[in-house]
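J.: output the structure for:
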Amino acid sequence: MEVKKYIQENEARFIDELYSLLRIPSISAQSSHKKDIEACAEQWKKLLLEAGADKAQIMPSDGNPLVYAEKNVSPQAPTVLIYSHYDVMPAEPLELWNSNPFEPVIKDGKIWARGADDDKGQAMIQVKAFEYVVKNNLLRHNVKFIFEGEEEIGSPSLNAFLKKHKELLKADVILVSDTSMLGAELPSLTTGLRGLAYWEVEVTGPNRDLHSGHFGGAVGNPINILCSMIAGMTDENGRITIPHFYDDVEELSKEERDMIASIPFDEEAYKKAIDVDALQGEAGYATLERNSCRPSFDVCGIWGGYTGEGSKTVLPSKAYAKVSCRLVAHQDHAKISQMFADYFTSIAPKSVRVKVTPMHGGEGYVCPITLPAYQAAEKGFLKAFGKKPLAVRRGGSIPIISDFEKILGIKTVLMGFGLESNAIHSPNENFSLDIFRKGIEAVIEFHLNYKG
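T.: The predicted structure is shown next:
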């Protein structure tokens, strides 16, 4: 059956099935939703079997369960492993939603619900495309699915699961729909992600809070010192000052810089959207290079002393900050984490003691545009959207993507269909029905063109 006709004739069922998932508050961050996590996994198992999988099962992990399914065509055929996640972010603040986040509605050509885009809607695109090629006897490669329930809390159990089930998950390429496009009329494929290193730092001065009149000017103030240390982490050119930080940074080729420069980008609209008068970053790089292909250092939170109502003349005993670095390809997050801890401790004056606690992190990732699966995805977008997708790097991090490459030894194609306006992780998350349809068509075309 012709693709568009199939999607049109089955759309009501597709939406009903998506609603059955969206109504389940599978919030991994809140232990009270453990039963919902399990219910969502069971529903995905059912839907994968109905879509044409030979088998589907719920698999335990050290945390939430995973859903595994497969369709085998031939032992000699290549295998595509499709990854997604069925957990969602908390919906709070609930008062900012225009409708119940777990009772999906369609309005203005969009589905409104928590998970409508991230990632239940995008996962449904994958499953419905799979359904079409199976039911029309068009599948020429094996397909495996692995859907996890902890992505929104950093996938703490996935690494061990991958190592334990390496043989089961063996494949030639991984396909993921959990990223976004530049715009509804500007399809794009994500070719790179930045890595991440994250720390909490604690600066301790005197053994208790002191009277600022009696001690101010004579005793080191941990907040003042912390601010000074943080300010020194970047120089006047916006470069991070940790010695050897840039040793493994991959420099952009002229070809890639030219490709980035060709991406439509309105800097004035960008500034207006976030209400700033000027942009800031590493000298010598354009905005789209700074926020996707270059490392960065940021303070994510800072506190200490008295912050209540009114005034309290106090010299605090302690000051704290949460800081992070976005990393690029070839930068090892564990190596960078230790480099930061050593350097930050070394620049502290003797008047304070510094404690650095590493938190989570992950590697960056780059997908070669010469990869056969990438080229099949390109053809999918061209067919569905009428335009060849732009190849773009993204500034965010998905640490599991680099884990896939390190543990399973295979590349990932990031074939995402989200939009910035979809408000993932925010109130009023939504997903365009038009892009839902086009996404199914694009992934069908991927399957028809992928030869391994």
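
J.: hey, let's count contacts and neighbours off CA atoms from now on
T.: Will do.

J.: wait, Ile424 touches Asp118, no?
T.: Yes: applying Cα atoms under 8 Å, one finds Ile424 in contact with Asp118, separated by 6.1 Å.

J.: neighbour count: the two, which is higher?
T.: Neighbours around Ile424 and Asp118, counted as other Cα atoms under 10 Å, are more numerous at Asp118. The numbers are 29 against 22.

J.: give me the pLDDT for that one.
T.: pLDDT, Asp118: 97.

J.: show the contacting residues for it.
T.: Val88, Asp178, Ile424, His425 (Cα atoms under 8 Å, 6 or more residues apart in numbering).

J.: in what helix or strand does the third one lie?
T.: Spelled out, that is Ile424. Here Ile424 sits in a region with no helix or strand, counting by DSSP states H and E.

J.: just the pLDDT for it.
T.: The per-residue pLDDT reported for Ile424 equals 96.

J.: distance-wise, check it relative to Pro101.
T.: Computed as Cα to Cα, to the nearest Å, the Ile424 to Pro101 distance reads 12 Å.

J.: check the last one too.
T.: Taking Cα to Cα as the measure, His425 and Pro101 are separated by 11 Å.

J.: look at these two and report which has more neighbours.
T.: The neighbour comparison of His425 against Pro101 (other Cα under 10 Å) goes to Pro101, with 24 against 17.

J.: quick one: residues contacting Leu175.
T.: Leu175 touches Val80, Leu81, Ile82, Tyr83, Thr412, Val413, Leu414, Met415, counting by Cα under 8 Å, 6+ apart.

J.: can you give the strand pairings for the helix or strand encompassing it, parallel or anti for each?
T.: Assessed by DSSP H and E, Leu175 sits inside strand 173-176. Using DSSP bridges, strand 173-176 pairs in its sheet with strand 79-85 (parallel), strand 412-414 (parallel).

J.: packing partners of whatever helix or strand comes next after it?
T.: Where DSSP H and E defines the elements, the next helix or strand beyond strand 173-176 is strand 188-193. If you count contacts as 3 or more Cα pairs under 8 Å, 6 or more residues apart in numbering; DSSP states H and E, strand 188-193 packs onto strand 365-366, strand 390-394, strand 412-414.

J.: can you list the residues that contact strand 188-193?
T.: Defining contact as Cα under 8 Å, 6+ apart, one finds that strand 188-193 is touched by 179-182, 292, 328, 364-369, 378, 388-398, 413-416.

J.: okay, it in PDB with CA atoms only?
T.: Only the C-alpha atoms of strand 188-193 are listed here, as PDB (Å, rounded to 0.1, in the frame of the first residue of the first chain):
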ATOM      1  CA  SER A 188      18.200  18.400   9.600                       C
ATOM      2  CA  LEU A 189      20.200  15.500  10.900                       C
ATOM      3  CA  THR A 190      22.300  15.700  14.000                       C
ATOM      4  CA  THR A 191      25.800  14.700  13.200                       C
ATOM      5  CA  GLY A 192      27.500  15.600  16.500                       C
ATOM      6  CA  LEU A 193      26.800  16.100  20.200                       C
END
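
J.: check which element follows it along the chain.
T.: Next helix or strand after strand 188-193 toward the C-terminus (DSSP H and E): strand 195-204.

J.: mean confidence for that following strand?
T.: Mean predicted lDDT for strand 195-204 stands at 96.

J.: cool, stretch 226-237 as well?
T.: The average pLDDT for stretch 226-237 rounds to 98.

J.: buried ones in the host helix or strand of Gly121?
T.: Using DSSP H and E, Gly121 falls within helix 120-135. Neighbour-count burial for helix 120-135 flags 120-134 (criterion: 16 or more other Cα atoms under 10 Å).

J.: and the residues you listed, which is closest to Glu255?
T.: Among those, Gln122 lies closest to Glu255 (Cα to Cα), at 31.2 Å.

J.: I figured the closest one hits Ser177, correct?
T.: Yes: in this structure Gln122 lies within contact range of Ser177 using Cα under 8 Å: 5.7 Å.

J.: now the common contact residues for these two.
T.: Shared contacts of Gln122 and Ser177, counting by Cα under 8 Å, 6+ apart, come down to Gly416, Phe417.

J.: for Thr412, what are its contacts?
T.: Here Thr412 is in contact with Val173, Ile174, Leu175, Val176, Cys367, Ile401, Phe404, Glu405 (Cα under 8 Å, 6+ apart).

J.: farthest pair within those?
T.: Across the contacts of Thr412, no pair lies farther apart than Val176 and Glu405, at 13.3 Å, counting by Cα to Cα.

J.: out of the two, which sits in the busier spot?
T.: Between Val176 and Glu405, counted using other Cα under 10 Å, the more crowded position is Val176 (20 against 15).

J.: hey, what's the more buried one bridged with?
T.: Tyr83, Leu414.

J.: could we number from 177 for the rest of this?
T.: I'll keep to 177 as the first residue from here, and by that count the last item is Val352.

J.: ok, now how distant is it from Ile301?
T.: Remark: distance between Val352 and Ile301 (Cα to Cα) = 11 Å.

J.: hang on, the earlier thing: so which of the buried residues of helix 296-311 is the closest to Glu485?
T.: Closest to Glu485, out of all of the buried residues of helix 296-311 and judged by Cα to Cα, is Lys296, at 43.5 Å.

J.: so that closest one makes contact with Met265?
T.: No: the pair Lys296 / Met265 is not scored as a contact, 11.7 Å apart, by Cα under 8 Å.

J.: confirm Val243 sits in a strand?
T.: Yes: counting by DSSP: H, G, I helix; E, B strand; the rest coil, Val243 is found in a strand.

J.: name the residues linked to it by a beta bridge.
T.: Ile234, Phe323.

J.: ok, it to Phe593 distance?
T.: According to Cα to Cα, Val243 and Phe593 sit 22 Å apart.

J.: what do you get for Leu198?
T.: To Phe593, Leu198 is 18 Å away according to Cα to Cα.

J.: which one of those two has more residues nearby?
T.: Higher neighbour count among Leu198 and Phe593: Phe593, with 29 against 25, using other Cα under 10 Å.

J.: quick one: secondary structure of Trp474?
T.: Let me fix one detail, which is that residue 474 is Asp and not Trp. strand.

J.: tell me who's in contact with it.
T.: Asp474 makes contact with Val499, Ser500, Cys501 under the criterion Cα under 8 Å, 6+ apart.

J.: can I get those in CSV including distance to Ala462?
T.: Below are the contacts of Asp474 laid out as CSV (distance: Cα to Cα, whole Å):
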residue, distance to Ala462
Val499, 24
Ser500, 21
Cys501, 19
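
J.: hmm, who's touching stretch 398-415?
T.: For stretch 398-415, contacts defined as Cα under 8 Å, 6+ apart pick out 379-381, 416-418, 456-459, 473, 475, 480-481, 492-496, 520, 523-524, 528.

J.: joint contacts of Ile600 and Pro277?
T.: Listed as contacting both Ile600 and Pro277 by Cα under 8 Å, 6+ apart are Arg290.
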